[in-house]
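Peer 1: Quick one: sequence and predicted model below, then my questions.
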Amino acid sequence: MSSSPPGRILSLDVGSKTIGLAVSDPLGLTAQGLETIRRKNKRTDFEQLRQVIAQYEVREIVVGHPLYMSGDASPQSRRVSEFAEEVRQRFNLPVHLWDERLTSTQANRVLRESEMSIRRRAEVVDRLAAVLILQSFLESRQALDSPQSAE
């Protein structure tokens with residue numbers, strides 16, 4: 001049985017111009033992409049996040065952490081860490097930084113293989129990256145919660 005309380009988990013793929021969003025189902029098994037936030041300013045960005053959190057009754061948040069391939073922090077990962085801390089303080093929810101190395105690469109590869117137009121790919125890559133971050137987080141949590149992990 002899962003040790004985490006029921007409710008949805010929100011995933012954020014935070015960039016300088018956009019925030020890709022994905023949300024889990026209430027049981028925390030699957031990830032579904034949501035509309036990407038086009039960043040304007042801090043007040044507007046956080047208001048849009050507040051609306052999503054309220055609409056989906058989010059109980060925790062996963063933020064993609066863009067580390068260098070070596071695992072070291074990048075300038076962007078430091079900005080994302082600061083953003084995640086502000087999310088934690090503003091919404092009083094658990095916030096997890098999740099290693100997102102390769103998720104944008106994987107998202108772009110999946111979209112290239114889909115034969116989608118370049119313009120359409122650009123519109124959905126952040127959403128797909130958020131889905132991949134959340135799916136990875138959910139699978140990791142399910143592995144920890146499964147009885148087989150004790151073997």
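Peer 2: Received it, and whenever you're ready, just let me know what you need.
Peer 1: shaky segments in the protein?
Peer 2: 1-6, 146-151 (pLDDT under 70).
Peer 1: the longest helix in it is where?
Peer 2: Using DSSP state H, we find that the single longest helix of the chain is helix 118-145.
Peer 1: ok now that helix, how far from the chain's centre?
Peer 2: Between the centre of helix 118-145 and the centre of its chain there are 7 Å (Cα atoms, centre = their mean, to the nearest Å).
Peer 1: all helices of this protein, in order?
Peer 2: For the chain, the helices defined by DSSP H occupy 42-55, 75-91, 103-113, 118-145.
Peer 1: closest to residue 97 out of those helices?
Peer 2: Closest to residue 97 of these, according to Cβ to Cβ: helix 75-91, at 5.7 Å. For the C-beta atoms, the positions are set from N, CA and C on the backbone; glycine is no exception.
Peer 1: quick one on the thing from earlier: so which of the helices of the chain is the most packed in?
Peer 2: For the helices of the chain, average neighbour numbers computed from mean count of other Cβ atoms under 10 Å are highest in helix 118-145, which has a mean of 18.
Peer 1: and that one, what other elements does it pack with?
Peer 2: Using 3 or more Cβ pairs under 8 Å, 6 or more residues apart in numbering; DSSP states H and E, the elements in contact with helix 118-145 are strand 8-14, strand 18-24, strand 31-38, strand 58-65, strand 95-99, helix 103-113.
Peer 1: can I get the CA coordinates of the last one in CSV?
Peer 2: Output of helix 103-113 as CSV, limited to C-alpha atoms (Å, rounded to 0.1, in the frame of the first residue of the first chain):
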residue,chain,number,x,y,z
THR,A,103,13.7,14.3,-20.3
SER,A,104,13.8,17.3,-22.8
THR,A,105,16.0,15.2,-25.1
GLN,A,106,13.6,12.3,-24.8
ALA,A,107,10.6,14.6,-25.3
ASN,A,108,12.2,16.0,-28.5
ARG,A,109,13.1,12.5,-29.8
VAL,A,110,9.5,11.3,-29.2
LEU,A,111,8.1,14.3,-31.0
ARG,A,112,10.5,14.1,-33.9
GLU,A,113,9.5,10.4,-34.4
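Peer 1: Right, I'll leave it there.
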